[in-house]
Every structure is written in C-alpha cells, then in structure tokens.
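Asker: need the 3D shape of this:
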Amino acid sequence: MIALLRRPDGAGIGELMATTGWQAHSVRGAIAGALKKKLGLTVLSEKPKPAEPIGSLSRRRTWRVSLDDDVHALEAMGLDALREQWRARFGAPPGLRSVPLLRHLLAWRIQADAYGDLDTDLRRQLRSTATPRVVDRRVRTGARIAREWQGQRYEVEVVEGGFLHAGARYKSLSEIARAITGTRWNGPRFFGLRGGAET
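Answerer: Residues are numbered from 1 along each chain as shown. Coordinates of the predicted model:
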C-alpha cells in the first residue's frame with residue numbers, strides 16, 4: 001500500500017482496494033490511522049480535475065505520500081534504521097558504515113524512483129568529465145615527489161638518469177619504495193603517479 005502511495009501519481013481508492021483486498025472504509029482508515037498517525041507520513045489527498053467527465057476513473061480522488069517527508073525522515077535515522085529502510089524499499093542494503101553517505105544514497109534512490117533516474121547519455125557524460133585525463137605523468141628533472149608512509153614524510157628528487165632519496169642515488173622509484181617499506185612496490189604507484197597508491 002505504501003509503495004503505491006509513494007508513486008508520483010499516487011493511487012486511487014480502487015487500486016488500493018484491489019491491492020489490499022479491503023473495503024473502501026478500511027483503506028481510508030488505514031491511511032488516516034496507520035500511515036498518518038502511527039508512521040507520521042504526510043498523505044496528500046488530491047481531488048480530480050473539474051474538466052474531466054464525472055464518470056471517468058481519473059475523476060476519483062487519489063492519495064500519495066509526500067516525498068519530502070520520506071526524505072526528511074532519513075535525517076533522524078541511525079545506521080540500522082537506514083539499512084532497514086533500504087532493505088524494505090530496494091532489497092539488500094550496501095555494506096556502507098558511513099551514516100551520512102548511506103543517508104544521501106537512500107535519499108537519491110527514493111527521489112530517482114519517484115522522478116526518474118539519470119538517462120544513459122547523461123551518465124556517460126558525467127563519467128567522461130569525472131575522470132581527469134592526464135596527458136603526461138612522467139616527472140621532469142628537478143621535480144620533487146613526496147609521500148607520507150606510516151606517519152613519516154619521504155621526499156624524492158628527480159635527477160638526470162635517476163632519483164635522489166636520503167642522500168642516496170637510485171635508478172627507479174620502485175627501489176626507493178622498497179627501501180622505505182621493506183616490501184616490493186610499483187614505485188610510480190607508491191608515489192601516486194599511477195592509480196591505486198595506498199595511504
């Protein structure tokens with residue numbers, strides 16, 4: 001019943017009766033009692049447009065739950081309540097532990113269901129602008145590269161034919177990363193010149 005009322009166009013009494021198997025007075029009682037009083041939802045009642053013929057089905061009153069109330073209700077919820085809301089609406093919730101992030105994602109999904117999601121062209125456009133395109137990541141002679149590792153800052157200077165670190169000359173960044181960490185590393189990745197550097 002709530003799912004029908006959450007649709008942007010809401011639901012008419014006939015549709016609610018067919019879904020629940022209740023009589024009209026029971027549906028109205030559930031809207032007034034369970035939804036409005038117990039759950040605190042704002043259920044909007046919309047009268048038909050006067051231009052429509054009296055006998056048409058669209059001329060009957062429709063009800064819908066205010067989307068604003070659904071989204072604002074998320075602000076007071078903790079992690080468990082947000083996960084339960086997600087589970088009730090969309091299935092298994094994501095494994096996020098961040099309450100603000102889960103709240104934003106849930107608000108997005110609720111609004112996307114009501115008003116429509118991003119179309120394919122817009123998604124493609126957003127993806128293409130979200131990823132910066134780096135033309136050249138090679139470092140030039142004289143450049144300094146810095147990395148913090150386990151609370152200590154390490155600096156490397158790029159020199160002709162190699163790198164200087166802690167007074168010693170190295171042929172590659174991978175040698176320096178190995179000297180710093182004690183394990184084998186891809187040097188450019190360790191220093192953030194390629195994706196995937198751990199912090």
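Asker: contacts only, for Trp108.
Answerer: Going by Cβ atoms under 8 Å, 6 or more residues apart in numbering, Trp108 touches no other residue. Placement of C-beta: from N, CA and C, glycine included.
Asker: now the one 3 residues further on
Answerer: With contacts defined as Cβ under 8 Å, 6+ apart, the neighbours of Gln111 are 67, 71.
Asker: so what strands line up beside the helix or strand of the chain with the lowest mean pLDDT?
Answerer: Within the chain, confidence by mean pLDDT, DSSP states H and E is lowest for strand 62-65 among all helices and strands, at a mean of 71. Looking at strand 62-65 with DSSP bridges, its partner strands are strand 11-12 (antiparallel), strand 43-46 (antiparallel).
Asker: and the contacts of that strand?
Answerer: 2, 5-12, 16, 31, 35, 41-46.
Asker: buried residues in the longest helix seen in the chain?
Answerer: Criterion DSSP state H: the longest helix present in the chain is helix 99-115. Under the neighbour-count criterion of 16 or more other Cβ atoms under 10 Å, helix 99-115 has 102-103, 105-107, 110, 113-114 buried.
Asker: could those go into a markdown table alongside pLDDT and distance to Ser128?
Answerer: As requested, the buried residues of helix 99-115 are exported to a markdown table (pLDDT from 0 to 100; distance: Cβ to Cβ, whole Å):
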| residue | pLDDT | distance to Ser128 |
| --- | --- | --- |
| Leu102 | 93 | 27 |
| Arg103 | 94 | 28 |
| Leu105 | 93 | 22 |
| Leu106 | 92 | 27 |
| Ala107 | 91 | 26 |
| Ile110 | 83 | 27 |
| Asp113 | 78 | 26 |
| Ala114 | 73 | 27 |
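Asker: chain center to the least confident helix or strand of the chain: distance?
Answerer: Strand 62-65 has its C-alpha centroid displaced from the chain centroid by 27 Å (Cα atoms, centre = their mean, to the nearest Å).
Asker: any idea which helix or strand comes after it?
Answerer: helix 67-73 (DSSP states H and E).
Asker: quick check: Arg178 vs Gly162, distance?
Answerer: In this view, Arg178 and Gly162 are 15 Å apart by Cβ to Cβ, to the nearest Å.
Asker: what bits of the protein have low per-residue confidence?
Answerer: 8, 39-40, 48-60, 63, 129-138, 195-199 (pLDDT under 70).
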